[in-house]
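# Got a sequence here, can you build the structure:
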Amino acid sequence: MLHHAGSPLVGQMFFRATLFTTYYQVSNFLAGRDRLRITIPEYFLAGMITGFAVSFIEGPIDLFKSKMQVQVIRAAQGHPPAYRNVFHCGYTITKQYGLRGFYQALGATMLRNVPANSIFFGFYEISRNFWTPEGGSVSDLSSGALLFSGAWGGFFYWFLTYPTDVIKSSMQADDTAKANRKYKSI
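Got it, this is the predicted structure:
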């Protein structure tokens, strides 16, 4: 199974870089020239905008991963594999359905990502602000405080949005051919 781990790892590195770059660019835009920091509600807004934008990157990455996972389950039931690897999966979907095929369940991805990233970044920033010493800045925080802040945001991300992830994953694991899909829409 580990020989299939390389491409998802590369995809996740690209996705995470895009996620945090987008978040900090949106935060800087919301702050404008006059402020160094944005307000707590603006952090939630920056997370929402980020969630929308990165859905176009994360959607295909998760789709290919889901298709490969379903293939493993189907192979155990005696079905022949449809894809040699994640790249072949992307190639096959593109060949049959064009780039539009990459975005199977895009609406469900956004249904999860918009509130989930709003929640993650909002609670992450609330926690960072809580741990920041009086008169200090977030650059004064210890690694432990930053780790806790990320964990706090991650906990609320999943605790509050897990049902939407189930919807997204079910729709992505569904048949690639629209006519054969069990889940036609959200």
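
# Could you double-check that residue 123 sits in contact with residue 152?
Yes. Using C-beta atoms under 8 Å, residue 123 is in contact with residue 152, at 5.4 Å. All C-beta spots, glycine's among them, are computed from the backbone N, C-alpha and C.

# Of those two, give the one with the bigger neighbour count.
Ranked by neighbour count (other C-beta atoms under 10 Å), residue 123 and residue 152 place residue 123 first, with 24 against 18.

# mind checking pLDDT for that one?
Residue 123 is assigned 98 on the pLDDT scale.

# Quick one: residues contacting it.
The contact partners of residue 123, by C-beta atoms under 8 Å, 6 or more residues apart in numbering, come to 152, 153, 155, 156, 157.

# Pull the distance from stretch 117-135 to the chain's centre.
Centroid separation for stretch 117-135 versus its chain: 20 Å, with C-alpha atoms, centre = their mean, to the nearest Å.

# Just the buried residues of it, please?
117-128, 131-132 (16 or more other C-beta atoms under 10 Å).

# Against the centre of this structure, work out the most remote residue.
Centroid-distance maximum for the chain: residue 135 at 34.4 Å, with C-alpha atoms, centre = their mean.

# Secondary structure element for the residue most central in space within the chain, which one?
Nearest to the geometric centre of the chain sits residue 58, at 5.2 Å (C-alpha atoms, centre = their mean). Using DSSP states H and E, residue 58 sits in helix 40-76.

# That helix: how far from the chain's middle?
The gap between where helix 40-76 is centred and where its chain is centred comes out at 4 Å by C-alpha atoms, centre = their mean.
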